[in-house]
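Participant: Give me coordinates for this.
(10 chains)
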Protein chains: 10
Amino acid sequence: ASLAPRLPTSSTTLFTAKKAKNLTFQAIGEALGRDEVAVAALFYGQAKATSADIGALAELLEIPQEQLEAELGEWPDRGRSIDLPPKDPLLYRLFEIMQNYGYAYKAVMNEKFGDGIMSAIAFSTKVEKESDEVGDWVKITLRGKW
Amino acid sequence: ASLAPRLPTSSTTLFTAKKAKNLTFQAIGEALGRDEVAVAALFYGQAKATSADIGALAELLEIPQEQLEAELGEWPDRGRSIDLPPKDPLLYRLFEIMQNYGYAYKAVMNEKFGDGIMSAIAFSTKVEKESDEVGDWVKITLRGKW
Amino acid sequence: ASLAPRLPTSSTTLFTAKKAKNLTFQAIGEALGRDEVAVAALFYGQAKATSADIGALAELLEIPQEQLEAELGEWPDRGRSIDLPPKDPLLYRLFEIMQNYGYAYKAVMNEKFGDGIMSAIAFSTKVEKESDEVGDWVKITLRGKW
Amino acid sequence: ASLAPRLPTSSTTLFTAKKAKNLTFQAIGEALGRDEVAVAALFYGQAKATSADIGALAELLEIPQEQLEAELGEWPDRGRSIDLPPKDPLLYRLFEIMQNYGYAYKAVMNEKFGDGIMSAIAFSTKVEKESDEVGDWVKITLRGKW
Amino acid sequence: ASLAPRLPTSSTTLFTAKKAKNLTFQAIGEALGRDEVAVAALFYGQAKATSADIGALAELLEIPQEQLEAELGEWPDRGRSIDLPPKDPLLYRLFEIMQNYGYAYKAVMNEKFGDGIMSAIAFSTKVEKESDEVGDWVKITLRGKW
Amino acid sequence: ASLAPRLPTSSTTLFTAKKAKNLTFQAIGEALGRDEVAVAALFYGQAKATSADIGALAELLEIPQEQLEAELGEWPDRGRSIDLPPKDPLLYRLFEIMQNYGYAYKAVMNEKFGDGIMSAIAFSTKVEKESDEVGDWVKITLRGKW
Amino acid sequence: ASLAPRLPTSSTTLFTAKKAKNLTFQAIGEALGRDEVAVAALFYGQAKATSADIGALAELLEIPQEQLEAELGEWPDRGRSIDLPPKDPLLYRLFEIMQNYGYAYKAVMNEKFGDGIMSAIAFSTKVEKESDEVGDWVKITLRGKW
Amino acid sequence: ASLAPRLPTSSTTLFTAKKAKNLTFQAIGEALGRDEVAVAALFYGQAKATSADIGALAELLEIPQEQLEAELGEWPDRGRSIDLPPKDPLLYRLFEIMQNYGYAYKAVMNEKFGDGIMSAIAFSTKVEKESDEVGDWVKITLRGKW
Amino acid sequence: ASLAPRLPTSSTTLFTAKKAKNLTFQAIGEALGRDEVAVAALFYGQAKATSADIGALAELLEIPQEQLEAELGEWPDRGRSIDLPPKDPLLYRLFEIMQNYGYAYKAVMNEKFGDGIMSAIAFSTKVEKESDEVGDWVKITLRGKW
Amino acid sequence: ASLAPRLPTSSTTLFTAKKAKNLTFQAIGEALGRDEVAVAALFYGQAKATSADIGALAELLEIPQEQLEAELGEWPDRGRSIDLPPKDPLLYRLFEIMQNYGYAYKAVMNEKFGDGIMSAIAFSTKVEKESDEVGDWVKITLRGKW
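Facilitator: Residues are numbered from 1 along each chain as shown, chains lettered A, B, ... in the order given. Sure thing, here's the model as predicted:
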């Protein structure tokens, strides 16, 4: 019921303002012209904010621009808030997919693309909600440069 | 340059026959009516083969049906071939995505769906190849029941 | 002789009030219409409180409703207070059961239900006390969707 | 698709015979007068077979009694086949329940029984199948001496 | 030169008072009618104090009874102050004995008692000093229910 | 149901002969004039056999003396067969005692003996069986030079 | 978006002044007559500052010389801020190179130089930027005494 | 004095032939038109051989081409032969450099290139020998796409 | 550039006073009549100070005697400040020597002394500086009771 | 009672021959003109044998020279046979010394030599036996270039 551990100062600033304004990541994403997952990653200190991002966030969330510039101006030290393997069931399921399908993905990618890797940097991702008679489905798309 | 460690006997049988027949996972998947990633997962012992799968594989790969039934008849003991974190760059990138985006995915999913998890069991996945002027892109889709 | 580590703020609030009111989990569970184990899990930040839960807890424990809403309003980041393997003898015994009987449970479940898993999410559990001439017995029931 | 690692010789003997005879743990359990989970635990080397167990197993599975006596005559070195945390999804879910509910169980047990532990030795357990309109449910019962 | 880490508040209270009163565990044990090792375990939060213990400690150490009742009233979360393997030479030697003699103890106990375990709960222990011409000897006795 | 892992060749030789002769550690200990725990430790490769031990063992167990001299002639590489923490319940309980009482033992020993350690080398140990109306008790004595 | 963990006090002092002065490592390096990587290593507490370094840094960054002398006067306790393997993608890639090419480097060095090692102490390193039609390239040079 | 562990079959084939022919990596590299480090990486299964590589290796090392094609035809499963941290002093020094200079490299790269990473895939490396009056120096160059 | 982590309060007191007085361990050792390594170990909380040590330190470093008695009066909880394996290059080299020569030392000691160990308690050690035309050499002597 | 794990083939050859010839490391060292610890390190694959070493060993131990050249001709992959922390009491005591005195050694060396490290490569070591009225003492000397 609280923030993940080992987050930068900017995370507290951003999450507190988001809650006070009662805004969703989707709404913030639309205001910034970025996908909501990218916005959430930025809130968790996993992405570098551009000047435009900082300006838009300062205005939307009513945070002093100088404060945001100072807190978001450093280069992200990524990956520090998560423990491996994660204990939270939702986070664990994501890892479990990679654990169980890892070699299958590799085999299919090697067959389709040859030797190489999918970039995790030249990369975008999104989460969509789909519903059918069975219920709701989460659809995550990962798209990376070969 | 060899099979991942700690795989069941069926993996050796299947990969050897696949190589002798010079078949891709895509071709095998079409013959079985299953996605190629699901086929690769079955080759790596991560999925349970149905009777129909065993029949189709036996015929396509010219493996004695009794042998396949014996080797694929047990319940999979999943996740045993991969080490965490993986050292292979391609496998590592997949984990890195979950490591860096994990809390962002969780935050967006909670916002979109409420409390809960995305199932890794009522789940399907595929790998697609997209090309543009920049080059080739890997697109992985994960779809799980909420 | 103190709370488990890495618990959310709500845990301190709830345990302090429970102690001041000298209430058992059973009594709180009856007031909330929930099983006592579910209530304890909620106290430890392992479950999401509904609006009704928050209202009932605020009244019963005389905690300001706004405070409870703020503290229990976030999405739980589950599993953070326990270390694996646990050192406390009572916690260890629970893990030891899963360690020793794990493959036996899997074998019997696969035989009874086929391939799949028992959900830990669509899941309920309870603890009961039984007594006979030998003494007291703990009976824990786990019930999960296949 | 194969046996768990680090099992004693008796496991291979017993599983091979069980498969050849096409018997379920339930059927074997009825023949031995023991619960099917206890039988599976015995197959995995987690329990000590009595002389009566050995006699009944030898007859039912048509294994030479001297061989079974030699293989099952040693004292079990329990817990060696499982890794912690387990990677197989079914095994992981069982651990996840203990991980997430551990402190809740402890709190409720302390409240109901005082200081102490639930024994994992003076202990019995069973797996039952329940079905309703939603589908099938697994019900695991753990019963241990306080 | 300081207290072990991760101890409950009661440990600071008790050790500070013990030092101010310049009392040994032996003296406190005599006042409480408990063995000195059990008293030390209680100081380190490894044992549950009874009402009588709390009353005697409050009087002997001149600590307000309400404070002691509050601090010692919770259920112990045992084993949290020690790291495994321990680095302190004295603690390490105790583990080394179990590491080197573990299987020997098991073999002899199985031979003497059959299958089962020695309880670490229905258990008592003491430390005695013996001296001969070679020097001083530590004699530790562990006594547990089979 | 088999020997602990990573044992020297001598262990197989000795355990096989012991079983064939149907001798207990107590009986072997009496023949060698050594405590049964020391004998079991020698069987597990944790102790160095003297020439007299080798001679007595060769005669008692009818093993060629040259074979025993070759197998037991090397210097023991102790502690290799056990994993830490142990998973077997009996072995775990021994570690749990040291885990829970470690700092209590240290505090009492420091108070009784001053700064220093109990030797695990100039050391002897034994296991005794005591019975009363409650049942059987294991009594382990550890005696080490300060 | 913040400093790496477990850094000495001097790091905060230096990074804060560097930011206030808006200086690059290159500019500081030129003022000190040292390579920019060496300067960055000094900022992270991985290198010992000479008296000349301290004087130049105090003047350039307008930090009281006595403060810098006190904070930089201790002997570095190197390597404490990084976790292994690192989670940050940039740091991970550096480790991945050593992980994948480690034995290849060793084989080539042994062939070129015989038995021995490349010193990591009598050692210098630099980072250069190269650009071509494909884009920018990082060129890291490591030079160590054999 | 032997090959690193967990290497593919091709490694044994290649190293045996290299030794029989008494060839250096430099000589093989010249014959293949590849850098000697890349050749060594290929020998250790860390790189994918092209058809041209296989043809040239088969001829130079007098290995049947079909055998090499079979052994080198699979997709590399990289990074499996090394343990982290490495114990061999030469391998350790390479890791120590990344451990000690990691954040310094990151800080300088971020300053020179902005946010991003140096690729370990679009990457080349070489080892050179330099000598001066002090002795021999190893110069390793790492060059990766930003 | 700061103290090692997890040190007792006495370490801060002693190091601060040593710095203010600008004294070397050698000078303090001469004043106390103890070797400088033993003095440094006492500063790091690895050794128990005698009453004479406390008196001499209080006088030499001008620390109130009561403060030192309180801070150094507890029994040391040794080994808590170092991580294994250490990351600092100087500390690592000491471990590397034991890692690489460990079995060689054991083999030579067993041959010279028979079965047994070198005590790390009945033990003394010193560091000396030797110089020749090549430069300076560190000579560490470890002397322990067999 | 057997060789350490993960040793190269040469270790088996050398130890077997040494035993057959009934030679001590001291005797072999004298024949090779090397210290006995260096010889033991060579036997354990921790050191590179020179041509002269191989010739002398072949003659002394009556091993075919070609076999020794083949087995000892590779570059050592050091440190693979030991686990960290070691479980064997003798090996553990050596590590314990470094664990407890590590920071004290560092502090004294920094004070005596300035910033830097003691080399573990430009390094020699020896083990001596000293006896007095108390008994035998092991004296280990480590001498490394600063």
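
Participant: Look at the spatially most central residue of chain A and tell me its secondary structure.
Facilitator: Geometric centre of chain A, nearest residue: A:Ala41, 3.0 Å, by C-alpha atoms, centre = their mean. Put simply, A:Ala41 is helix when judged by DSSP: H, G, I helix; E, B strand; the rest coil.

Participant: what do you get for A:Arg78?
Facilitator: Going by three-state DSSP: A:Arg78 is coil.

Participant: What is the neighbour count of the one residue in chain A that gets nearest to chain C?
Facilitator: When scored by C-beta to the nearest C-beta, chain A has A:Lys87 as its residue closest to chain C, at 3.0 Å. C-betas here are computed from N, CA, C, even on glycine. Around A:Lys87 there are 19 other residues, counting by other C-beta atoms under 10 Å in any protein chain shown.

Participant: cool, A:Glu111 as well?
Facilitator: 16.

Participant: Next one: it from B:Ser81, what distance?
Facilitator: 18 Å (C-beta to C-beta, to the nearest Å).

Participant: Quick check: A:Ala49 touching A:Ala41?
Facilitator: No. The criterion here is C-beta atoms under 8 Å, and A:Ala49 misses it with A:Ala41 at 10.5 Å.

Participant: Would you mind measuring from the residue nearest to the centre of chain A to A:Thr24?
Facilitator: 15 Å.

Participant: before we move on, the earlier item: and the pLDDT at the closest residue in space to the residue of chain A closest to chain C that isn't next to it in sequence?
Facilitator: Leaving out its chain neighbours, the residue that sits closest to A:Lys87 by C-beta to C-beta, 6 or more residues apart in numbering or on different chains is C:Gly79, at 3.0 Å. As predicted, C:Gly79 sits at a pLDDT of 90.

Participant: about what we covered before: can you classify the residue of chain A closest to chain C as helix, strand or coil?
Facilitator: A:Lys87 is classified as coil under three-state DSSP.

Participant: now do A:Arg6
Facilitator: From three-state DSSP, the assignment for A:Arg6 is coil.

Participant: tally of neighbours for it?
Facilitator: 15.

Participant: Kindly report the same for A:Val134.
Facilitator: A:Val134 - counted by other C-beta under 10 Å - has 8 other residues nearby.

Participant: Thought B:Lys145 was touching it, still the case?
Facilitator: Yes. Between A:Val134 and B:Lys145 there is a contact at 7.0 Å, judged by C-beta under 8 Å.

Participant: is any part of the helix or strand where A:Met109 lies close to chain C?
Facilitator: Following DSSP states H and E, one finds A:Met109 within helix A:89-113. Yes. Contact of helix A:89-113 with chain C (C-beta under 8 Å from any C-beta of the partner chain) involves A:Pro89.

Participant: likewise stretch A:120-134?
Facilitator: No. Using C-beta under 8 Å from any C-beta, stretch A:120-134 never reaches chain C; the gap is at least 13.6 Å.

Participant: Report the contact partners of the closest residue to chain E within chain A.
Facilitator: Closest residue of chain A to chain E, C-beta to the nearest C-beta: A:Pro5 (16.7 Å). Neighbour list for A:Pro5: A:Ser81, C:Arg6, C:Arg80 [criterion: C-beta atoms under 8 Å, 6 or more residues apart in numbering or on different chains].

Participant: Nearest to chain H, out of those: which one, please.
Facilitator: Among those, and counting by C-beta to the nearest C-beta, the member closest to chain H is A:Ser81, at 17.9 Å.

Participant: tell me the contacts of that closest one?
Facilitator: By C-beta under 8 Å, 6+ apart, the neighbours of A:Ser81 are A:Ala4, A:Pro5, A:Arg6, A:Leu7, A:Tyr44, A:Gly45, B:Tyr103.

Participant: Kindly recompute the last result at 10 Å.
Facilitator: Contact partners of A:Ser81, counting by C-beta atoms under 10 Å, 6 or more residues apart in numbering or on different chains, are A:3-8, A:11, A:44-46, B:99-100, B:102-103, G:87.

Participant: For A:Gly29, give me the pLDDT.
Facilitator: 97.

Participant: Correct me if wrong: it contacts A:Ala40.
Facilitator: Yes. Judged on C-beta atoms under 10 Å, A:Gly29 makes contact with A:Ala40 at a distance of 8.7 Å.

Participant: joint contacts of the two?
Facilitator: B:Val108.

Participant: ok, these two, which is more surrounded?
Facilitator: Neighbours were counted for A:Gly29 and for A:Ala40 using other C-beta under 10 Å; A:Ala40 has more, 24 against 20.

Participant: OK, contacts around A:Glu66?
Facilitator: Here A:Glu66 is in contact with A:Ile54, A:Ala58 (C-beta under 10 Å, 6+ apart).

Participant: wait, A:Trp75
Facilitator: Going by C-beta under 10 Å, 6+ apart, the list of residues near A:Trp75 reads A:48, G:1-2, G:88, G:90, H:106-107, H:109-111, H:114-116.

Participant: Make TSV out of those residues and add pLDDT and distance to chain F.
Facilitator: Shown next, in TSV, are those (pLDDT from 0 to 100; distance: C-beta to the nearest C-beta, whole Å):
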residue	pLDDT	distance to chain F
A:Lys48	93	43
G:Ala1	38	39
G:Ser2	55	36
G:Asp88	95	32
G:Leu90	96	36
H:Lys106	95	36
H:Ala107	94	39
H:Met109	96	41
H:Asn110	95	42
H:Glu111	94	45
H:Gly114	94	47
H:Asp115	94	43
H:Gly116	94	43
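
Participant: quick one: which of the residues you listed is nearest to J:Ala120?
Facilitator: Distances from J:Ala120 to the contacts of A:Trp75, taken as C-beta to C-beta, are shortest for H:Lys106 (28.3 Å).

Participant: how about the residues of chain A near chain D?
Facilitator: A:Pro85, A:Lys87, A:Asp88, A:Pro89, A:Tyr92, A:Arg93, A:Glu96, A:Gln99, A:Asn100 (C-beta under 10 Å from any C-beta of the partner chain).

Participant: does stretch A:24-36 come close to chain B?
Facilitator: Yes. Residues of stretch A:24-36 contacting chain B under C-beta under 10 Å from any C-beta: A:Thr24, A:Phe25, A:Gln26, A:Ala27, A:Gly29, A:Asp35, A:Glu36.

Participant: nearest residue to the second one other than its sequence neighbours?
Facilitator: Ranked by C-beta to C-beta, 6+ apart and with sequence neighbours excluded, the top spatial neighbour of A:Phe25 is A:Glu36, at 4.0 Å.

Participant: Can you read off the pLDDT for that neighbour?
Facilitator: On the pLDDT scale, A:Glu36 gets 96.

Participant: so how many other residues sit close to it?
Facilitator: 22.

Participant: List the contacts of it.
Facilitator: If you count contacts by C-beta under 10 Å, 6+ apart, then A:Glu36 has A:24-30, A:126-127, B:104, B:107-108, B:111-112 around it.

Participant: Could you measure from A:Ala17 over to A:Ser11?
Facilitator: 11 Å.
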